[in-house]
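A.B. asks: dropping a prediction and its sequence here:
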Amino acid sequence: MSRIRLRITCVRAACVAIALFAAAGAEQIDPAEAQRREQAKQLAVHWEQLLTKLLFSHLELLRGICGDLPPEARRAIAKAGEDVVKEATLELAEAQLGGRPMRRAAAAAGKPAPARKHGPPATADIAAARITDAIGKAVAEQVGKEQAAAFAAELSARNDRRKRSCIDACIAMLDAHVVLSPAQREAIARSLSDRWNDDMLMKLRVVHRHHGRLIFDQSVNACIVPHLDDSQRRVFSGPANQRMEIHVGGQSPIADMLGRIHPPLPRDPWWFP
Amino acid sequence: MVVPMRHALVLIVAAGVAAILAAGRMADAADDVVVAGGVAPPTTPGQQISLDQQMRGMLGGRGASEERWREQVHAKAMLIVSAVDAACGLNQVQRKKLEAAAKLDSGPAWDEVEAIRSRYAGRTIDLQKQENHAEWNRFHQDMSRLQGMLAGSEADPPLLRAMIGTILDDDQRSRWERQSADRERLQWLAVVDEGMASFDLQFGLTTRQHDALRGLLVEQRVRIDPQKAWQQGPQGLPMICWHVLGRIDERRLKEVVSERQWPILAGVIQQGKAMTHLKQQKIILD
């Protein structure tokens, strides 16, 4: 009985070895590289889902702004967006597995690649910006610069609203925690606004709690603590010898938001006949 | 062992066979132990969990003292007293009364901490046993409540609130009520704008649509417990908007969004309606 089992096992093993050899030989790649590519493909599926949400959202916004568009223009705009999504998803997946493609992607977009400890990166933000740019460019070519400007203006207004809502949310959270005066609210909001940069979007969203205290990123803390009085400071961050800060980095606000969207807009046949 | 092999793959197959031969023998040997010996495989030992230790880890860890907890609740209540004073200009007697109320308010919180702590002091359970799962769940609910208290769920303590309503004169009361209303409005706008940021991306809203939908949500204001609402950070706030969308007349919502956006919005409304925990946990108070 055990000899028969052994023979079956041997034959199976031989088949596996032959298949692996043939596969590796055909593509001239080693198994480790093949495995890495497989992982990249799986990650690309995840990124494609996220970025497609953004693409469909942008296209819906565009339809809302432009109203009717000739079918050829629609197809060209949708294709331009879809092409960038495909390209960006692979780059993001590669970036998640290694480091070089991430830097290449950043360089291609003319932006410095931020230092990342781990995880998928701010290239998600760069990818999102590329999708937006590609659509804007296609609109300018296919429909006209005026419509492209209207699209850009809508997105710019949205970014301004996002900045304001992030700051307001931080103030509301603080107010619930340390009972701010109206003057303090204004001062903290001004401080956050003055020191605003794109990283703040994520830093204001990542708040830890420790023994009932709120712990923000150190750059956010720097905008808050100077405006609190002593008793508020004790409640906010504890006694001086127990103060804690976190450092938020490497997370993409757009990926965070897109990941929470459910259900997303479906594929619109108006754009994709 | 005779296997017909004629091609250039002989070596590969032989290598594979040799490798598996060894593996097969090892597997056989392992099988033999089970069958011949008749010995049951070693079972995983029971997963003993010290609730006492977990509680200390969750609520304070080393160095966390009950006194510190009490101070924290008291300190938060005192921030309200200071805010009332700043807004209304309390006289000395009024201030003392409010301070006394703030001190007394930390008592019940303390009692609850004590009751829960004593329930789990020295308690260890075996999670392999089904009958302990209910206790494990209850333990987590209790810890969540305690963490909420520590995070300041008692920041608007009942006695202090009652005292503020009683001792202020008409002018002071109207000033404090105005400030409290501003505060509530601030909280609600923060909830709405967090929700709207998510809707912008989800639906591809134009500014006109954004303003119209935001207007409906602002108008449909509900009272929330800010301490609980902020427990999960800003990320938890859109859920409150989803829930509140369900209270708005559908016809008005349909006027705002396109027919392509509507089915998605309808789905979001359904999700929001299913979020009964928002009311059960008193995150939404109305």
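C.D. replies: Thanks, I have the structure now. Numbering: from 1, shown residues only, chains lettered A, B, ... in the order given.

A.B. asks: the helix or strand containing A:Ala150 near chain B at all?
C.D. replies: According to DSSP states H and E, A:Ala150 maps onto helix A:145-178. Yes. Counting by C-beta under 8 Å from any C-beta of the partner chain, chain B has neighbours in helix A:145-178: A:154, A:157-158, A:161-162, A:164-166, A:168-173, A:175-178. To be clear about C-beta, it is placed using only N, CA and C from the backbone, and glycine gets the same treatment.

A.B. asks: list the contacts for the residue nearest the centre of chain B?
C.D. replies: Nearest residue to the geometric centre of chain B (C-alpha atoms, centre = their mean): B:Gln232, 4.9 Å. Listed by C-beta atoms under 8 Å, 6 or more residues apart in numbering or on different chains, the contact set of B:Gln232 is empty.

A.B. asks: burial measure for residue 233, as a count.
C.D. replies: Defaulting to chain A. Neighbourhood size, A:Arg233 [other C-beta atoms under 10 Å in any protein chain shown]: 18.

A.B. asks: not quite, go with chain B.
C.D. replies: Using other C-beta under 10 Å, the number of residues around B:Gly233 comes to 17.

A.B. asks: tell me how far it lies from chain A.
C.D. replies: In this view, B:Gly233 and chain A are 5 Å apart by C-beta to the nearest C-beta, to the nearest Å.

A.B. asks: what of B:Ala197?
C.D. replies: Distance, B:Ala197 to chain A, using C-beta to the nearest C-beta: 5 Å.

A.B. asks: could you point out the longest helix in the chain?
C.D. replies: All of this is about chain A. Criterion DSSP state H: the longest helix present in chain A is helix A:31-66.

A.B. asks: I was thinking of chain B, sorry if that wasn't clear
C.D. replies: Ordering each helix of chain B by length in residues (DSSP H) puts helix B:170-203 first.

A.B. asks: any buried residues in that one, and which?
C.D. replies: For helix B:170-203, burial by neighbour count (16 or more other C-beta atoms under 10 Å in any protein chain shown) applies to B:172, B:175-176, B:179, B:183, B:186-203.

A.B. asks: for stretch B:215-222, same thing?
C.D. replies: For stretch B:215-222, by 16+ other C-beta under 10 Å, it's B:Leu216, B:Leu217, B:Gln220, B:Arg221, B:Val222.

A.B. asks: quick one: the helices in the stretch 51-200 of chain B, in order.
C.D. replies: Secondary structure of the stretch 51-200 of chain B (DSSP state H, counting those that start in this stretch): helices at B:51-59, B:66-88, B:92-120, B:133-148, B:158-167, B:170-203.

A.B. asks: isn't A:His210 right up against A:Glu245?
C.D. replies: No. If you go by C-beta atoms under 8 Å, A:His210 and A:Glu245 don't touch, sitting 10.8 Å apart.

A.B. asks: what packs against the longest helix of chain A?
C.D. replies: Packing partners of helix A:31-66 (3 or more C-beta pairs under 8 Å, 6 or more residues apart in numbering or on different chains; DSSP states H and E): helix A:2-27, helix A:71-97, helix A:123-142, helix A:145-178, helix A:253-260, helix B:170-203.

A.B. asks: and these as TSV, adding distance to B:Ile125 and mean pLDDT?
C.D. replies: As requested, those are exported to TSV (distance: least, C-beta to C-beta, whole Å; pLDDT from 0 to 100):
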stretch	distance to B:Ile125	mean pLDDT
helix A:2-27	45	57
helix A:71-97	40	91
helix A:123-142	43	93
helix A:145-178	34	95
helix A:253-260	35	90
helix B:170-203	38	96
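
A.B. asks: among those helices, which comes closest to B:Gln72?
C.D. replies: B:Gln72 sits nearest to helix A:145-178 of all these, at 11.4 Å, using C-beta to C-beta.

A.B. asks: name only those of the residues of helix A:145-178 next to chain B that count as buried.
C.D. replies: Buried by 16+ other C-beta under 10 Å: A:154, A:158, A:161-162, A:165-166, A:168-173, A:175-178, out of the residues of helix A:145-178 next to chain B.

A.B. asks: ok, the nearest residue to A:Glu48 once chain neighbours are set aside - contacts?
C.D. replies: Using C-beta to C-beta, 6 or more residues apart in numbering or on different chains and skipping residues adjacent in sequence, the residue nearest A:Glu48 is A:Thr89, 4.3 Å away. Contacts for A:Thr89 (C-beta under 8 Å, 6+ apart) come out as A:Ala44, A:Val45, A:Trp47, A:Glu48, A:Leu51, A:Ala127.

A.B. asks: ok, the second one to A:Ile261 distance?
C.D. replies: Distance of A:Val45 to A:Ile261, computed by C-beta to C-beta, to the nearest Å: 17 Å.

A.B. asks: okay, these two: which has more neighbours?
C.D. replies: Between A:Val45 and A:Ile261, counting by other C-beta under 10 Å, A:Ile261 is the more crowded of the two (20 against 10).

A.B. asks: ok, the nearest residue to B:Gln72 once chain neighbours are set aside - how many residues close by?
C.D. replies: Leaving aside its chain neighbours, B:Gln72 sits nearest to A:Gly212 (5.5 Å; criterion: C-beta to C-beta, 6+ apart). The burial count assigned to A:Gly212 is 24, neighbours taken as other C-beta under 10 Å.

A.B. asks: A:Gly212 against B:Ala75, yeah?
C.D. replies: No. The pair A:Gly212 and B:Ala75 fails to qualify as a contact (C-beta under 8 Å) at a distance of 9.8 Å.

A.B. asks: greatest separation within the contacts of A:Thr89: which pair is it?
C.D. replies: Longest distance between any two of the contacts of A:Thr89 is 14.8 Å, between A:Val45 and A:Ala127; criterion C-beta to C-beta.
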